[in-house]
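J.: Fold the following for me, if possible:
(4 chains)
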Amino acid sequence: MQRMNREEMAARVARDIPEGAYVNLGIGLPTMVANFLPQERDIFLQSENGLLGMGPAPAEEDVDWELINAGKQPVTLLAGGSFFHHGDSFSMMRGGHIDICVLGAFQVSVNGDLANWHTGAPDAIPAVGGAMDLAVGAKQVFVMMDLMTKRGQSKLVAQCSYPLTGLSCVSRVYTDVAVFDVGPAGAHVVEMVPGMTIDQLRDMTGVDLQLALEGV
Amino acid sequence: MQRMNREEMAARVARDIPEGAYVNLGIGLPTMVANFLPQERDIFLQSENGLLGMGPAPAEEDVDWELINAGKQPVTLLAGGSFFHHGDSFSMMRGGHIDICVLGAFQVSVNGDLANWHTGAPDAIPAVGGAMDLAVGAKQVFVMMDLMTKRGQSKLVAQCSYPLTGLSCVSRVYTDVAVFDVGPAGAHVVEMVPGMTIDQLRDMTGVDLQLALEGV
Amino acid sequence: MIDKISPSLRQAVADLHDGASIMISGFGDAGAPHELMEAVIAHGASDLTIISNNAGAGESGIAALIKANRVRKVICSFPRQAASHHFDARYRAGEVELELVPQGNLAARIQAAGSGLGAIFTPTGYGTLLAQGKETREIDGRNYVLEYPIHADFALIKARAGDRWGNLVYRKVARNFGPIMAMAAKTTIAQVAEVVELGALDPETVVTPGIFVNRVVQVAPLSVAAAA
Amino acid sequence: MIDKISPSLRQAVADLHDGASIMISGFGDAGAPHELMEAVIAHGASDLTIISNNAGAGESGIAALIKANRVRKVICSFPRQAASHHFDARYRAGEVELELVPQGNLAARIQAAGSGLGAIFTPTGYGTLLAQGKETREIDGRNYVLEYPIHADFALIKARAGDRWGNLVYRKVARNFGPIMAMAAKTTIAQVAEVVELGALDPETVVTPGIFVNRVVQVAPLSVAAAA
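T.: So this is what the prediction gives:
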């Protein structure tokens, strides 16, 4: 079995983003998806700090600290992009205008609950940012994460034990070993890395899984 | 007794508008106040259809039908003016950012209730426009009206019989024969035209009136 | 390549359907998308709900839609005007329903729809006929009325210029309801006086980002002057 | 003649008072009014409530205010950052209170204050810890949380240019919370890189009309680059 690395996962998510989509990529791993979007597609990246039509990172000499993404990294603006204030930006997100957002997660439940902002540890200082807005606002919420924690626990769970970000909001989960659809109908495996089997996934996750492989 | 004409009433209202005030002038009679604002004062006229810094009517050859006031008359924009959409415009109004609005009225009650949008006639087609927003939103609501209807009924009343625009919203009423403060403490006469007496005003209006003349 | 420019007014409104709710920008003639409304009449859709500040005046625009018997209901703030005879007649005959909304509540409810809010407590209209039967609440010593979002199937708006991604800029007070309606409708169609190249609009001054616009169609400029 | 230009940072913040609530624009360093915050520290006001997206990082801005023990409470969406050690320490010591608000609810509540709404039903946060104890309601099949406006005594914001009437334009994503905070505070103070003549700003592209701004103070340009 060949686990996907981060680049392969990002490329896999990018494949599912269609021409014309308005997309918000969360901080961290999801940001990498931008590097794998097909050049020939017009895909519109929104950043919640007030820009639409985000382009790739600038050359070092062109860095402008008033042109950054939500992760506070320097970016560029494509021709046809625009700037707006936080009110309009979150209206965009909350109002259902973003087609897809891609988020990292601590846990996702088989019915699509998302936990990605707080470990619940008593001494943690919680920080939520725009995660809850994206979770409820985007038409589709994709999650990108390793299936297992470093301690070997499944992050795809029957029920989240960490504090929730949003209820029943995730539709698809991209992991290093499989892609799952989640939601009211439970979790379905739509893709597996070569060598992986559904029984192995059942063992790893301990959750109820159906097979619904998509044509490759 | 010398009743004030419309120009005199407009000039009287204009005297009470201080330097730096943000002002909305209602459709009809209140619009005339603009002609009497002292040139030496910076006073900011807002029009609810999306402009701030409204200037006087243009010369005929400069009329632009995309530069009109709320009464759909051509206006101009002063240097330092700006355009904005209806959401921002009514946020300005509802959010308490307008210092003074001047409105016409069918009736005002001694406690400051306003009726100016609907006669209540069964066959009338009601139209409210921005009147209710101005009534609740401006820091001070001034009313400008003849004290009596053509049929000789007082428009300053103990209680409005016409449908209300807003409750307890008017602070001052400028009429052709007197200026009244209205509000929780009832109606006070703060100014009268020469030859007018408070007893005469009590007779005309039939409401309880106190005298609180302001220094002239 | 995403190109939201429609080749014609006819194609821009081709997917209208009977019973559709349609937001229409404009305050008086300023910002009223007359050419798009003519295309709606030519299209033939009926049983429409119109959401706009006015209910039409004279013989064109919303008045023409009402005259052509396409309108079931009008949601607006100021239906009664000097030349609103087509609305007046149909309304008095009971053929057109009216929901009268204070202008700022109209704007706020459209904004609530565009920004995904479920409802808002607004002070406007409290204690008046227009709040009768509505939930009210005192908050911090002030009284408010609960008002719900106004969504629409389509928004027809007018802008000065647009590009193929749907970015729009407006002209003077013709801006009025355009930007907020664009955010509240499932499908937003903008008529513009000028289609410009991608990148020609300064990103700092785009008023409506393309995400809120589905189609852009060019019409001859100066239509307002002609209509006035 | 109305002239909102303040001659100095010191005079621009002279009427701050202990216990004031202060909105501070910025997302990271972009749009953060560092010079105004330094003026607040020099002024000496304490027991402040800070409303901002972050709770400061490094040694300047909000972090410096916290370090100087001027802050009683922070209302923000994202306090925990790589260099938020001053906030972290005071918070863990129980010396600074935190109200954590999802970023979009922060924006919407600030907008509700600026636009005179009494409360809003927002979908964000429903079913989470951050909605615990709050009123909820199902509207049209979707669940919402009732959230109240956030007002402030002062807003300190950063813009690119301003004029003597208080009109402002911004630069790139430094715009962020500036325009909506300007609308929500009793007194809004803007630091700008450039003061321009009245009329120099295109009325079509003014982002914050002067009605929302009380004072404008010029600072040396490129302060963000210097701070970064």
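J.: How about whichever residue of chain A sits closest to chain C: what's its closest non-neighbour residue?
T.: Closest residue of chain A to chain C, Cβ to the nearest Cβ: residue A:79 (3.0 Å). From N, CA and C alone the C-beta is placed, and that goes for glycine too. Once flanking residues are discounted, residue A:79 sits nearest to residue C:199: 3.0 Å by Cβ to Cβ, 6 or more residues apart in numbering or on different chains.
J.: Distance-wise, check the residue of chain A closest to chain C relative to chain D.
T.: Separation of residue A:79 from chain D (Cβ to the nearest Cβ, to the nearest Å): 15 Å.
J.: Bridged to the most centrally placed residue in chain C, which residues?
T.: Nearest to the mean C-alpha position of chain C, by Cα atoms, centre = their mean, lies residue C:24 at 2.4 Å. When bridges are called by DSSP bridges, residue C:24 pairs up with residue C:156.
J.: Quick check: it touching residue C:33?
T.: Yes: look at residue C:24 against residue C:33 with Cβ atoms under 8 Å: they come within range, at 6.6 Å.
J.: And the helices in the chain?
T.: With no chain named, the answer covers chain A. A:6-15, A:86-94, A:131-137, A:198-205 (DSSP state H).
J.: that's the other chain; I wanted chain C
T.: Counting by DSSP H, the helices of chain C are C:9-12, C:34-43, C:62-67, C:85-92, C:103-114, C:178-184, C:223-227.
J.: Any idea which of the ones you listed gets closest to residue B:146?
T.: helix C:103-114 (26.0 Å; Cβ to Cβ).
J.: Now do the same contact list for residue 140.
T.: Assuming you mean chain A. A:99, A:100, A:101, A:171, A:172 (Cβ atoms under 8 Å, 6 or more residues apart in numbering or on different chains).
J.: The chain in question should be chain C.
T.: So residue C:140 contacts residue D:118 (Cβ under 8 Å, 6+ apart).
J.: out of everything not next to it in sequence, what's closest to residue A:3?
T.: In space, residue A:3 is closest to residue A:176, 4.5 Å off (Cβ to Cβ, 6+ apart).
J.: who are the neighbours in contact with the one you found?
T.: A:3, A:4, A:5, A:9, A:146, A:147, A:193.
J.: how much space between residue C:83 and chain D?
T.: 30 Å.
J.: okay, now that residue: neighbour count?
T.: 12 (other Cβ atoms under 10 Å in any protein chain shown).
J.: I'd say it and residue C:58 touch.
T.: Yes: using Cβ under 8 Å, residue C:83 is in contact with residue C:58, at 4.7 Å.
J.: Could you list the residues of chain C in contact with chain D?
T.: Residues of chain C found near chain D (Cβ under 8 Å from any Cβ of the partner chain) are C:108, C:112, C:115-123, C:137, C:139-140, C:142, C:144, C:148, C:169-172, C:202, C:204-205.
J.: filter those to the buried ones?
T.: Buried by 16 or more other Cβ atoms under 10 Å in any protein chain shown: C:108, C:112, C:115-123, C:144, C:148, C:169-172, C:204-205, out of these.
J.: one step back: tell me the pLDDT at the residue nearest to residue A:79?
T.: pLDDT recorded at residue C:199 is 97.
J.: Likewise for residue A:149?
T.: So residue A:149 comes in at 97 (pLDDT).
J.: before we move on, what about the one 10 residues further on?
T.: Confidence per residue is given as pLDDT, and for residue A:159 that number is 98.
J.: count of residues packed around the closest residue to it other than its chain neighbours?
T.: Spatial nearest neighbour of residue A:159, chain neighbours left out: residue A:109 (5.4 Å); criterion: Cβ to Cβ, 6+ apart. Per other Cβ under 10 Å, the neighbour tally for residue A:109 reads 22.
J.: Next: residue A:187.
T.: Around residue A:187 there are 25 residues (other Cβ under 10 Å).
J.: and it, what is it in contact with?
T.: Contacts of residue A:187 (Cβ under 8 Å, 6+ apart): A:110, A:156, A:180, A:181, A:207, A:208, A:209, A:210.
J.: again with residue A:207
T.: Contacts of residue A:207 by Cβ under 8 Å, 6+ apart are A:110, A:154, A:156, A:157, A:158, A:187.
J.: Give me the subset of those residues that lies in strands.
T.: A:156, A:157, A:187 (DSSP state E).
J.: these two touch, right, the second one and residue A:110?
T.: Yes: using Cβ under 8 Å, residue A:157 is in contact with residue A:110, at 7.5 Å.
J.: closest point of chain C to chain A, which residue?
T.: For chain C, Cβ to the nearest Cβ, closest residue to chain A: residue C:199, 3.0 Å.
J.: Give the phi and psi angles for that residue, as a check.
T.: For residue C:199, the backbone dihedrals are phi 100, psi -10 (criterion: degrees, to the nearest 10).
J.: Tell me the spacing between it and residue C:6.
T.: 20 Å (Cβ to Cβ, to the nearest Å).
J.: Using TSV, please lay out the ones in strands among the contacts of residue A:207 together with distance to residue A:85.
T.: Below are the ones in strands among the contacts of residue A:207 laid out as TSV (distance: Cβ to Cβ, whole Å):
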residue	distance to residue A:85
A:156	37
A:157	38
A:187	39
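J.: just the residues you listed now: which is nearest chain D?
T.: Nearest to chain D among those, with distances taken as Cβ to the nearest Cβ, is residue A:157, at 16.3 Å.
J.: what would the helices of chain C look like in TSV with mean pLDDT?
T.: Compiled in TSV, the helices of chain C are given as follows (pLDDT from 0 to 100):
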stretch	mean pLDDT
helix C:9-12	98
helix C:34-43	98
helix C:62-67	97
helix C:85-92	95
helix C:103-114	98
helix C:178-184	98
helix C:223-227	45
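J.: quick one: stretch C:138-158 to chain centroid distance?
T.: Put simply, stretch C:138-158 sits 15 Å off its chain's centre (Cα atoms, centre = their mean, to the nearest Å).
J.: one step back: and chain A, which of the buried ones among the residues of chain C next to chain D reach it?
T.: C:115, C:116, C:117, C:204.
J.: ok, longest strand in chain A?
T.: Per DSSP E, chain A has its longest strand at strand A:76-83.
J.: still on that earlier bit, tell me the buried residues within the contacts of residue A:207.
T.: Here, 16+ other Cβ under 10 Å leaves A:110, A:154, A:156, A:157, A:187 buried among those.
J.: Looking at those, which is nearest residue D:18?
T.: Looking across those and measuring by Cβ to Cβ, the closest to residue D:18 is residue A:157, at 48.4 Å.
J.: Pull the contacting residues for that closest one.
T.: A:107, A:108, A:109, A:110, A:205, A:207.
J.: How many residues are close by the closest residue to residue A:156 other than its chain neighbours?
T.: Among residues not flanking residue A:156 along the chain, residue A:205 sits closest, at 5.0 Å (Cβ to Cβ, 6+ apart). Neighbours of residue A:205 under the rule other Cβ under 10 Å: 23.
J.: give the contact list for residue A:205.
T.: A:147, A:154, A:156, A:157.
J.: From residue B:10, how far out is it?
T.: 77 Å.
J.: Let me know the outermost residue of the chain.
T.: Using chain A. Most peripheral residue of chain A (Cα atoms, centre = their mean): residue A:61, 30.3 Å.
J.: looking at chain C here, not the other one
T.: Outermost in chain C, Cα atoms, centre = their mean: residue C:141 at 34.4 Å.
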